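1. Kindly return the folded structure for what I paste below:
(chains A, B, C and D)
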There are 2 protein chains.
Amino acid sequence: MQYINITMGASKSDFFKAKQNNTAILLKALGHPARIAIIEYLLKVNTCICGDIVKELPLAQPTISQHLKELKNAGLIKGTIEGTAICYCIDITAVEKLCTYFNNLHKKISAKQDECC
Amino acid sequence: MQYINITMGASKSDFFKAKQNNTAILLKALGHPARIAIIEYLLKVNTCICGDIVKELPLAQPTISQHLKELKNAGLIKGTIEGTAICYCIDITAVEKLCTYFNNLHKKISAKQDECC
DNA sequence: ACAATATATCGTAATATTGCAATATATTAA
DNA sequence: TTAATATATTGCAATATTACGATATATTGT
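-> Next comes the predicted model:
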């Protein structure tokens, strides 16, 4: 290997395309049951505050707060300050991106499904 | 908290719904740029062997092999022994699942988008 | 049988993630 | 101002993931 300054343990994001990294970030954020549960709860109630999720899921408040932060950083949810609480909801833009991504993937694969091994 | 035998570090999968865990497993498998790159390469060439991906991506053979294993365990790809090599291709079933999941998500959200905070 | 080819597994080092108690911050209500 | 409410941050312990060199395994070709 001739790469310089590569550390073990961390992923080699620098060597992949920006779009691939962005897609991976979105999917990684959803790659945890608690965060899927949060998204599905948000889908059901439309908007909610952190405390509602704490009541709903078997996780402590700091843990929920951390998961919300990750979902927010990935762009999957957005939060609006509402008095002493923060109102969270799903960001449709991210969902649209993922929809498009998988629809495109499916379209391309089904077109040549018979060529699979 | 009154849960018994909870270890630190690991996610509390036991306390979420099976379907939520399954969805998370699929998305977690795609939540890494190398695995997205593998899927996209497979989409382009339709089928390939491990060695082809090793040539394509900036990762060593054991690392590619490990990523292929994770994609295979999640059900995203399938491998068929073909002489001395293994022929990999995308499993359309998993892609269909994800397609359906996000289309459904998008449909439900866009129906009440105005209610977002 | 032996060499070549292709992939998987093992062992290891390092970073990343998960989860929570304790604490900090920030707004509202009295 | 003080108490109450809601969320974020810090610090820490433990597991999980990432990556790769070395090695094992398994099939093909000679």
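
2. Residue A:58 - that's part of a strand, no?
-> No: the assignment for residue A:58 (DSSP: H, G, I helix; E, B strand; the rest coil) gives coil, which keeps it out of a strand.

3. what about it, how many neighbours?
-> 15 (other C-beta atoms under 10 Å in any protein chain shown). For the C-beta atoms, the positions are set from N, CA and C on the backbone; glycine is no exception.

4. go on, the one 10 residues further on?
-> Applying the criterion other C-beta under 10 Å, we find 20 residues in the vicinity of residue A:68.

5. low-scoring stretches of chain A, by residue?
-> A:1-6 (pLDDT under 70).

6. again, only using 80
-> Chain A contains residues with pLDDT under 80 at A:1-8, A:113-115.

7. residues in contact with residue A:76?
-> Counting by C-beta atoms under 8 Å, 6 or more residues apart in numbering or on different chains, residue A:76 touches A:26, A:29-30, A:39, A:90-91, A:94-95.

8. Take those residues and keep only those in strands.
-> residue A:90 (DSSP state E).

9. and the contacts of residue A:76 as a markdown table, adding neighbour count and distance to residue A:65?
-> Converted to a markdown table, the contacts of residue A:76 look like this (neighbours: other C-beta atoms under 10 Å in any protein chain shown; distance: C-beta to C-beta, whole Å):
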| residue | neighbour count | distance to residue A:65 |
| --- | --- | --- |
| A:26 | 21 | 20 |
| A:29 | 22 | 15 |
| A:30 | 26 | 18 |
| A:39 | 21 | 16 |
| A:90 | 24 | 18 |
| A:91 | 19 | 18 |
| A:94 | 18 | 20 |
| A:95 | 22 | 22 |
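
10. The top helix by length along chain A and chain B in contact?
-> In terms of residue count, the longest helix belonging to chain A (DSSP state H) is helix A:92-111. Yes: Helix A:92-111 lies within reach of chain B by C-beta under 8 Å from any C-beta of the partner chain, at A:92, A:95-96, A:98-99, A:102-103, A:105-106, A:108-110.

11. Which of those residues sits closest to DNA strand D?
-> Among the residues of helix A:92-111 next to chain B, residue A:98 lies closest to DNA strand D (C-beta to the nearest atom of the strand), at 18.3 Å.

12. Could you report the neighbour count for the closest one?
-> By the criterion of other C-beta under 10 Å, residue A:98 has 22 neighbours.

13. Ignoring the adjacent residues along the chain, who's closest to the residue nearest to the spatial centre of chain A?
-> Centrality entry for chain A: nearest residue to the mean C-alpha point is residue A:29, 3.1 Å, by C-alpha atoms, centre = their mean. What sits nearest to residue A:29 in space, not counting adjacent residues and going by C-beta to C-beta, 6 or more residues apart in numbering or on different chains, is residue A:74, at 3.5 Å.

14. surely that neighbour meets residue A:94?
-> Yes: using C-beta atoms under 8 Å, residue A:74 is in contact with residue A:94, at 7.2 Å.

15. shared neighbours, these two?
-> Here residue A:74 and residue A:94 have residue A:26 as joint contacts, going by C-beta under 8 Å, 6+ apart.

16. Many thanks, we can stop here.
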